[in-house]
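Undergrad: pasting the structure only:
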């Protein structure tokens, strides 16, 4: 399960989202049903087929195949990463392997939005698929952790380009009545990879080698490309204007801000993992790039939890960031501290993916609508409890199954929170602002991932986690290898972040008093559902 990184922002619509599109509430970064009523240029008069009808079948199957591969890669990487990091003697850079993907995708989403608006979605889509495949090959063939991290960064560029371009394609190729169906299929496409990904990746890692988890996926990209290419060629062409060249796209204000944020996040994480006097310079440079960029990319009032929409966007970043940061370190903890295989460590996250879908379904019941804000607070509370329970597995006498049990609770909480947040955002947005506000929500996801994965990496190294031996193995039954305090510090910090998100629930309803809006009346809200 991953609150997958991913996707654009700001107060100007159309940069990272197709006009009027909204993020999928179940999986951040995968687009959701369009908020517009425009049938779109790709609609055909009198077209009565469904998404699998003759008109759209090839494109639908191709798009779903791409989403399946992205989802499978996301779940497989969590399983293979601990083995890869130890094999490359790069435990100290473990968090960089995740944050490199997120920071690169942050910039790529802004780039893809501008590129798609000005020149059409096909060039960024195919460029993204190529970059995604190239990043997998670089990571799979890496001989050192530095090259592995670089490969993950190239993957992030590809992922950011693909995600944004796909929903621009949907906005142009499908009439309005079919968009909810194709977006629902996007969400459904994540279920099977969440279940199968850890098992397949773990088996390949243990019996063939971790490299083949990365090297095998690029071959699979060819099939969806071949399936949907003829349909993509039929899309209306976008004629670029005189000021719509790639140089102008790269020089767009939003692209530059996103690039500054990404570079600043990298510099801060580097400085945090190299605590010395010479680390002050990159830290200062990182802050100088990161803070102004974030302030300009998100709506005013976000960081002071202003009532209403800013608090919805803030909570989204806290939820996504705390989940992804904690989830990134769970397999490493189980492999190095409890002696579990990569397969079993990856499978410990599977229950969370299933209960995420269950939580999303639960919040969709009409009787829950009056309790939307309370459900978001309850969901964050569940996530905080789940993350706080995970480090109990570091204690010898505690069954390792507590991690899987905790993550099922956390997944249910995320289903309640993320899905309700998407609904609440549209409720609080004026029609003309739905696109730009949705973009801000996605950017908050990406910034949360970048920030809290980076913070977790700094804490992990600061508490001695970087000294875990490359070939070290935990003693079966609970013997400890390395520094369990490093993992405890990461999970404790992310539990506090999730708890802070639960407190923000009291600020979700515009103009309402604190009483009755927070998690204190959560039980009544759930009972009402």
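TA: Looks like it came in fine. A quick note: this is a predicted structure, and the numbers were derived from the prediction, not measured.
Undergrad: low-confidence ranges, the stretch 251-400 of the chain, go.
TA: 251-252, 272-276, 279 (pLDDT under 70).
Undergrad: switch the cut-off to 90
TA: For the stretch 251-400 of the chain, the stretches flagged by pLDDT under 90 are 251-310, 313, 316, 320, 324, 327-328, 331-332, 335-375, 396-397.
Undergrad: all helices for it, in order.
TA: Applying DSSP state H, counting those that start in this stretch to the stretch 251-400 of the chain gives helices spanning 253-273, 280-297, 309-337, 342-347, 350-363, 372-389.
Undergrad: ranking those helices by burial, who's on top?
TA: Ranked by mean neighbour count, the helices of the stretch 251-400 of the chain are led by helix 309-337 with a mean of 27 (mean count of other CB atoms under 10 Å). Heads up, the C-betas are built off the backbone N, CA and C, glycines and all.
Undergrad: other SSEs contacting that helix?
TA: Counting contacts by 3 or more CB pairs under 8 Å, 6 or more residues apart in numbering; DSSP states H and E, helix 309-337 packs against helix 57-87, helix 94-119, helix 342-347, helix 372-389, helix 402-428, helix 434-462, helix 484-504.
Undergrad: which one is residue 150 nearest to, not counting chain neighbours?
TA: Excluding the flanking residues, the one nearest residue 150 by CB to CB, 6 or more residues apart in numbering is residue 138, at 6.3 Å.
Undergrad: er, residue 343 actually
TA: Nearest non-adjacent residue to residue 343, counting by CB to CB, 6+ apart: residue 202, 2.5 Å away.
Undergrad: report the contact partners of the residue nearest to residue 150.
TA: The contact partners of residue 138, taken as CB atoms under 8 Å, 6 or more residues apart in numbering, are 147, 148, 150, 151, 154.
Undergrad: can you do 7 Å?
TA: Residue 138 makes contact with 147, 150, 151, 154 under the criterion CB atoms under 7 Å, 6 or more residues apart in numbering.
Undergrad: okay, it: pLDDT?
TA: Per-residue pLDDT puts residue 138 at 94.
Undergrad: could you do residue 209 as well?
TA: 87.
Undergrad: and it, how far is that from residue 358?
TA: The span separating residue 209 from residue 358 equals 35 Å under the rule CB to CB, to the nearest Å.
Undergrad: out of the helices of the stretch 251-400 of the chain, the one nearest residue 134 is which?
TA: Residue 134 lies closest to helix 253-273 among the helices of the stretch 251-400 of the chain, at 18.7 Å (CB to CB).
Undergrad: got the contact list for the closest one?
TA: In contact with helix 253-273 (CB under 7 Å, 6+ apart) are residues 10, 12, 15, 92, 96, 99, 103-104, 106-107, 110-111, 114, 249, 279, 282-283, 285-287, 289-290, 293-294, 296-297, 450-451, 454, 457-458, 461.
Undergrad: ok and the strand or helix carrying the residue nearest to residue 343 relative to helix 350-363, angle-wise?
TA: Using DSSP states H and E, residue 202 falls within helix 191-207. Relative orientation of helix 191-207 and helix 350-363, computed by axes from the mean of the first three to the mean of the last three CA atoms, to 10 degrees: 170 degrees.
Undergrad: list the contacts for residue 361?
TA: Applying CB under 7 Å, 6+ apart to residue 361 gives no contacts.
Undergrad: and residue 153, which helix or strand is it part of?
TA: Assigned by DSSP H and E, residue 153 belongs to helix 145-173.
Undergrad: quick one: mean pLDDT for that helix?
TA: Mean pLDDT, helix 145-173: 84.
Undergrad: would you mind getting the angle between it and helix 253-273?
TA: 150 degrees.
Undergrad: report the inter-axis angle for helix 145-173 versus helix 57-87.
TA: 170 degrees.
Undergrad: how far does helix 145-173 sit from the chain's center?
TA: Counting by CA atoms, centre = their mean, to the nearest Å, helix 145-173 is centred 12 Å from the centre of its parent chain.
Undergrad: tell me what it is packed against?
TA: Judged by 3 or more CB pairs under 7 Å, 6 or more residues apart in numbering; DSSP states H and E, the packing partners of helix 145-173 are helix 57-87, helix 94-119, helix 122-140.
Undergrad: please repeat the previous calculation with a cut-off of 6 Å.
TA: Contacts defined by 3 or more CB pairs under 6 Å, 6 or more residues apart in numbering; DSSP states H and E place helix 145-173 against helix 94-119, helix 122-140.
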